[in-house]
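K.L.:
Quick check, what structure comes out for this input:
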Amino acid sequence: MAQERSLPSVVERMWGREPVTRRGPRPRLDLAKIAAAAIEIADAEGLAGVSMASVASRVGVAATALYRYVGSKEDLLTVMADSAAPLPPEPAGMPWRDYLALWTRAHRDVLLDHPWLLSVGRLVPPMGPRRLLWLDRALAALDGTGLDDGEKINVASALTGYALTEAALVHSVGGGDPQMEEAGITGAGDYGEVLAGVLDPETYPSLSAALRSGALGGAEGWVDDEDFSFGLDLLLDGVEALIRRRGA
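P.N.:
Residues are numbered from 1 along each chain as shown. I've put the predicted structure just below:
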């Protein structure tokens, strides 16, 4: 007999599948209000400021009242990660490449708007309604390209990983990382100077030469948006090549 599987209770609630009781007074809270309060705290103070007590205080209830909706801080983070995602852009007849470029950039921008997301469930696949809507729209954009469903999901995963990596890089070198701030690194140029000071040109000849050429700083060096577009084009060129192979 096949093992019966079920979603975690908090994910069931995210999908509105929690049984509704008709008895007693109407609940004062719901997951949306709790998530909104937690996100406000995380945006202002980082994840360190998010606790069951701080969220309960924000929504005006005792901390124990939250456990009816989220059983732990881990559950709370799961809800936050899904709720922080806005609705994805709609394909609206756009060519697949144009849409996936827009989709990936929008994904990165969400992470830059809420940098605490970089620390929440980075390796956990999406299970909530908002994040899965993003995946659905990426797959829809690839309809008619000749890719099978597994390949479409792999394309979406690769673009998601790129958005995560780029957002983490921008956040770190832009002064959002405590270790970088302690080192006085507030931009890509500072990062390049620090690396240049520790690298031995004999052991790292190519990287040392790249840093000396200003690859991470200066007018010809690392530029946030231009470099993001460069890497994104590389990925989409690969997808385009795969589509041509399938067509052949």
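
K.L.:
Any regions of the chain where pLDDT drops low?
P.N.:
1-5, 18-27, 121-125, 174-192, 216-224 (pLDDT under 70).

K.L.:
ok, now which ones touch Val55?
P.N.:
Neighbour list for Val55: Ile34, Ala37, Ala38, Ile41, Leu66, Leu76 [criterion: Cβ atoms under 8 Å, 6 or more residues apart in numbering]. In short, each C-beta sits where N, CA and C put it, glycine included.

K.L.:
of those residues, closest to Gly128?
P.N.:
When the contacts of Val55 are compared for distance to Gly128 (Cβ to Cβ), Leu76 comes out closest, at 12.8 Å.

K.L.:
Which SSE is immediately downstream of the helix or strand that closest one falls within?
P.N.:
Taking DSSP states H and E as the criterion, Leu76 maps to helix 73-83. Tracing the chain C-terminally past helix 73-83 and defining elements by DSSP H and E, one meets helix 96-113 next.

K.L.:
so how far is that following helix from its chain's centroid?
P.N.:
10 Å (Cα atoms, centre = their mean, to the nearest Å).

K.L.:
now the helix or strand just after it and helix 73-83, what's the angle there?
P.N.:
Sequence-wise, the next helix or strand downstream of helix 96-113 (DSSP H and E) is helix 129-141. Put simply, helix 129-141 runs at 40 degrees to helix 73-83, going by axes from the mean of the first three to the mean of the last three Cα atoms, to 10 degrees.

K.L.:
which secondary structure elements does helix 129-141 contact?
P.N.:
Helices and strands touching helix 129-141, by 3 or more Cβ pairs under 8 Å, 6 or more residues apart in numbering; DSSP states H and E, are helix 73-83, helix 96-113, helix 149-171.

K.L.:
Which one, of the ones you listed, ends up nearest to Ala48?
P.N.:
helix 73-83 (11.8 Å).

K.L.:
which residues touch the closest one?
P.N.:
Residues from elsewhere that reach helix 73-83, judged by Cβ under 8 Å, 6+ apart: 8-11, 14, 31-32, 34-36, 38-39, 42, 47, 50-52, 55, 66, 70, 117, 120-121, 126-131.

K.L.:
Please apply the same query to stretch 99-110.
P.N.:
84-86, 88-89, 91, 94, 117, 134, 137-138, 141-142, 155, 159-160, 162-163, 166-167, 228, 232, 236, 239.
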